[in-house]
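>>> please work out how this folds:
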Amino acid sequence: MDKLRAIQLFVRLADLGSFTRVAEHTNASKSMISKEISRLEDSLGVRLLHRSTRNVQLTDAGEGYLQRAREILEKLEDAESFVQDRQAKPKGKLKINAPMALGITDLAGLFADFMQAYPDIELDIHLGDESIDLVEQGFDLGFRASSKAIDSNYVGRPLTQFKYQVCVGAEYSKQQPKIIKAEDLAEHNCFVYSYFQGKNNWPIDDGITINGTLRVNSTIFMMEAIKRNQGVGFIPDFVCREAIEQGEVVEVLVKAKKPRLTLYALYPARHFVPLKLVQCVGFLEQWFAEKSKEKHL
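You can find the predicted model right below:
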């Protein structure tokens, strides 16, 4: 007996509900299908089906066997896809979610390099800072920059780290009271990033509660207000790096203790990860590793 063939016929029979319909879909005779199922039952020593002239019903043992048979066939399909993918050049679409500011800054160059390396992979990139369910929204890959543990429902691969900086405009630092210690921020117009987990409590040293006239869901928007000397921002370095280098913005509280942001590549936990996603995550890790080496040269 070909047990795998018998299992496939059993699952098809459970789905379609009759030997006649299985015969139509498999181009096999009803008698041959019935014999295969009977041999399967004999090998297991248990009845899987209640047969009647019109339909079939699963026994309790059949219900349990069906669930496990489906898992076996799914794993077999995964294994075959894995081998086939390894023999082919990765291609297809990758739907990716990334934070807005990070997408416009560091990730724009990263994915330009990725497109050059893998021209047959089509990228569908959505930039946004709001929290979303990657699986529910149909994303293959997501990026999250967080100073806390990530959602355990996903596989999280750490890629790199960023630091926070407290920034003010170049003229602001000359016109307003000096910011020497975290407590001094209470006297300043501090901007709030809407999606920041700490809301209006900045994790600087022992923590400081701030207030201000701007709450916004974009750190890039916030940076423009900082450049125009309207207040103070608690900003990831990938947002303020260029403005600091160009002298538009200055960093204060340089020596104060601040958390670090770890950038994770997240993808749904599953048995088989498509080659295009494997190649993408591997490329990301290598790209950030090379950038880190360049910084230390």
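>>> identify the residues contacting Lys163.
Lys163 makes contacts with Pro236, Asp237, Lys258, Arg260, Leu261, as judged by CB atoms under 8 Å, 6 or more residues apart in numbering. Placement of C-beta: from N, CA and C, glycine included.
>>> I'd say the first one and Thr160 touch.
No: using CB atoms under 8 Å, Pro236 is not in contact with Thr160, being 11.7 Å away.
>>> ok, the two, which is more surrounded?
Neighbours per residue (other CB atoms under 10 Å) separate Pro236 from Thr160, with Pro236 holding more: 21 against 18.
>>> outline the domain layout of this structure.
3-86, 92-160+261-296, 162-260 (automatic domain parsing).
>>> quick one: the second one to chain centroid distance?
Pointing back at domain 92-160+261-296 there. 7 Å (CA atoms, centre = their mean, to the nearest Å).
>>> just the mean pLDDT for it, thanks.
Regarding domain 92-160+261-296, the rounded mean pLDDT is 85.
>>> hmm, back to that, separate out the buried members of the contacts of Lys163.
Among those, the ones that count as buried by 16 or more other CB atoms under 10 Å are Pro236, Asp237, Lys258, Leu261.
>>> give me the secondary structure label for Val155.
Secondary structure, DSSP: H, G, I helix; E, B strand; the rest coil: Val155 is strand.
>>> all the helices of the stretch 151-297 of the chain, residue numbers only.
172-175, 219-227, 237-245, 275-296 (DSSP state H, counting those that start in this stretch).
>>> mind checking which of these is nearest Ser147?
Nearest of the helices of the stretch 151-297 of the chain to Ser147, taken as CB to CB: helix 237-245 at 13.2 Å.
>>> report the angle between that closest one and helix 219-227.
Here helix 237-245 points in a direction 30 degrees away from that of helix 219-227 (axes from the mean of the first three to the mean of the last three CA atoms, to 10 degrees).
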